[in-house]
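Asks: Next one to model:
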Amino acid sequence: MNPRILGYLPMLILSAGAFLVFICGALAPSRDRLFRAIALAASGAACLAALTLSPDVSQGLIDTSTQARFFTVLLTGLTFICLLFAGEYARRRGFERDEFHALVLLSGLGMVLFAVSTDWIMSAIGLETISLPLYVLIAARRDDSLSLEAAVKYFVMGAVASAMFFFGAALTYAASGSLDIGQSLVSAGSQGTALLGLGFILAGLAFKLSLAPLHLWTPDVYQGSPAPVAAFLSGGAKVAVFAALLRIAMTDAPAWRAMEPALWAFAALSMTAGTLGALTQNRVKRMMAYSSVAHMGYLVLALMAVRVAGAGPAMFAAAAFGVMDVAVFGSLGLLSPVGQDADLMEGLRGLGLARPGMAAVLAVSLLTLGGLPPTVGFISKLVVFRAALSAGYFWLSVVGIFWAIVGVFYILRVLMAMYVPNGAAHRETDAPAFSDLPAPGLTGWLALALSAVLMIGLGVMPMPVLDAAAWVMKVLP
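Replies: I've put the predicted structure just below:
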């Protein structure tokens, strides 16, 4: 096979899987399990293909270096886990149709494409391929007004963010005359057009990452989205956008260095607003939305340290964030009744005692979000703060460490609700009937087991991922 075509193999597999699901849906519209099997096979095969490809930095419109392979494996793996969670969730609620699985594959395709693009036009295609399927997936529960409201809000905010990104890319092209991302940013220098263009790009991506103060859409969208779609939106789409932002940071362009005060403000505000917002919530999905805002602040902190510490800490932190967000929303979906997602804090009371096996993964994912050992969340925060301190961001690291400690309290609130039995003050009618929840099928248990292994395994033995991330600097020119 042509080496240039081989570089696109994971993306070709995802697109072929989506096309095959649509074809099977037209021929046999009621074969829901077949759609799920094809989607899982396509995402798994794409992940294996990305693992076996040899690095090659000269691929034209996309990058197939070690950094690109890292994010391709991560994003296709997250797509696979989300499909495991989503199939079980959608089957119970009657919307496990061909378009649901195909749109997940297409959005995963866009995530990979956006993460590995080295060309502004290809990046624009990837960004829209991420967003358009997500607009539909968020509204998958058509009988739920919150789901429809969330889709409209995400569509409006996503359109604004995309327009900012496109306009910024056009200004950068006008300043440099090149569509190559790295070359255009470096050759444009620090002239006014380049600074304005990169400012628009950063603002657009900040919307997508829900960095404060551009984060206000996040709680409403996450609350209204089906839980596995919220997992895909938070753990997949944000990782892809962060990968694109990391590629820009690694160019070390003059205009990017001028953005440091804005990045400092984004990081500090996100860690502060995200943690304070999570502390005041009594709904779990809104709490997790604010938690993701705070974690984006930690990722920006790692991004700022790239010039000194390299890309390794940022890449490891992105992998940890993706795994734990997919796990927390995915397990919450499996533990939810058919009528609506388990969301109210009081609605989780006694869950850990009634369904200990299923609740254990949710508890582990919450501990990971809190950054407690021996989970990958602890190692993630450790490498981020170490990188930030080595890069000289002392006060920003102090802000991050402070809010990381405070953030443990909202995690403990959920854990206490899960494992403290209903008291005498609780009326019997208020107690959720967790014993009536159906046990997860094979894919559900596989998703729970895989998530738990990743969160604990990478916390106990993080070196394989850290080594893979550290190797990036050895192969990039």
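Asks: make it CA atoms for all contacts and neighbour counts henceforth
Replies: Fine.
Asks: And residue 64, its phi and psi?
Replies: The phi and psi torsions at residue 64 (degrees, to the nearest 10) take the values phi -120, psi 30.
Asks: Just confirm it contacts residue 116, I think it does.
Replies: Yes - in this structure residue 64 lies within contact range of residue 116 using C-alpha atoms under 8 Å: 7.3 Å.
Asks: Show me what the strand or helix carrying residue 378 is packed against.
Replies: Secondary structure from DSSP states H and E places residue 378 in helix 376-390. When contacts are defined as 3 or more C-alpha pairs under 8 Å, 6 or more residues apart in numbering; DSSP states H and E, helix 376-390 sits against helix 284-304, helix 306-309, helix 312-334, helix 356-369, helix 394-406, helix 442-460.
Asks: Please report how far the closest residue to residue 401 other than its chain neighbours lies from residue 174.
Replies: Counting by C-alpha to C-alpha, 6 or more residues apart in numbering, residue 401 lies nearest to residue 385, which is 7.7 Å off, once chain neighbours are set aside. Computed as C-alpha to C-alpha, to the nearest Å, the residue 385 to residue 174 distance reads 37 Å.
Asks: Look at these two and report which has more neighbours.
Replies: residue 385 (23 against 16; other C-alpha atoms under 10 Å).
Asks: contacting residues around the more buried one?
Replies: 302, 397, 400, 401 (C-alpha atoms under 8 Å, 6 or more residues apart in numbering).
Asks: Highest neighbour count among those residues?
Replies: residue 302 (30 neighbours).
Asks: Which pLDDT value goes with that one?
Replies: Note on residue 302: pLDDT of 91.
Asks: Can you point out the buried residues in stretch 342-350?
Replies: By neighbour count with 16 or more other C-alpha atoms under 10 Å, stretch 342-350 contains the buried residues 342, 343, 345, 346, 347, 348, 349, 350.
Asks: just these now: which is nearest residue 243?
Replies: Nearest to residue 243 among the buried residues of stretch 342-350: residue 343, at 30.2 Å, using C-alpha to C-alpha.
Asks: just to revisit the earlier point, dump the buried residues of stretch 342-350 to a markdown table, plus secondary structure and pLDDT.
Replies: Formatted as a markdown table, the buried residues of stretch 342-350 follow (DSSP: H, G, I helix; E, B strand; the rest coil; pLDDT from 0 to 100):
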| residue | secondary structure | pLDDT |
| --- | --- | --- |
| 342 | coil | 71 |
| 343 | coil | 73 |
| 345 | coil | 75 |
| 346 | helix | 74 |
| 347 | helix | 72 |
| 348 | helix | 77 |
| 349 | coil | 78 |
| 350 | coil | 74 |
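Asks: Could you save those residues as TSV and add columns showing distance to residue 206?
Replies: Putting the buried residues of stretch 342-350 into TSV (distance: C-alpha to C-alpha, whole Å) gives the following:
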residue	distance to residue 206
342	29
343	27
345	29
346	33
347	33
348	32
349	35
350	38
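Asks: closest to residue 286 among those residues?
Replies: Of the buried residues of stretch 342-350, the one sitting nearest to residue 286 (C-alpha to C-alpha) turns out to be residue 343, at 8.4 Å.
Asks: quick one: low-confidence parts of the chain?
Replies: 1-4, 54-60, 190, 339, 421-440, 468-477 (pLDDT under 70).
Asks: could you pull out the helices for the stretch 101-250 of the chain?
Replies: Secondary structure of the stretch 101-250 of the chain (DSSP state H, counting those that start in this stretch): helices located at 120-138, 145-176, 181-188, 192-209, 218-224, 227-232, 238-249.
Asks: closest one to residue 78 among the ones you listed?
Replies: That would be, of the helices of the stretch 101-250 of the chain and by C-alpha to C-alpha, helix 227-232, which comes in at 7.7 Å.
Asks: Packing partners of that closest one?
Replies: Using 3+ C-alpha pairs under 8 Å, 6+ apart: helix 227-232 touches helix 66-93, helix 120-138, helix 312-334.
Asks: mind running it again at 10 Å?
Replies: With contacts taken as 3 or more C-alpha pairs under 10 Å, 6 or more residues apart in numbering; DSSP states H and E, helix 227-232 sits against helix 66-93, helix 98-116, helix 120-138, helix 218-224, helix 284-304, helix 312-334.
Asks: and it, C-alpha only, in PDB?
Replies: Only the C-alpha atoms of helix 227-232 are listed here, as PDB (Å, rounded to 0.1, in the frame of the first residue of the first chain):
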ATOM      1  CA  ALA A 227     -24.700  10.500  29.600                       C
ATOM      2  CA  PRO A 228     -22.600   8.600  27.000                       C
ATOM      3  CA  VAL A 229     -22.800  11.500  24.600                       C
ATOM      4  CA  ALA A 230     -21.600  13.800  27.400                       C
ATOM      5  CA  ALA A 231     -18.700  11.400  27.900                       C
ATOM      6  CA  PHE A 232     -17.900  11.600  24.200                       C
END
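Asks: from memory residue 78 sits against residue 238, does it?
Replies: No - with contact defined as C-alpha atoms under 10 Å, residue 78 does not reach residue 238; the gap is 11.7 Å.
Asks: In CSV: the helices and strands packed on helix 376-390, plus distance to residue 21.
Replies: Below are the helices and strands packed on helix 376-390 laid out as CSV (distance: least, C-alpha to C-alpha, whole Å):
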stretch, distance to residue 21
helix 284-304, 30
helix 306-309, 40
helix 312-334, 23
helix 356-369, 30
helix 394-406, 43
helix 442-460, 18
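Asks: Which one, of those helices, ends up nearest to residue 215?
Replies: helix 284-304 (7.0 Å).
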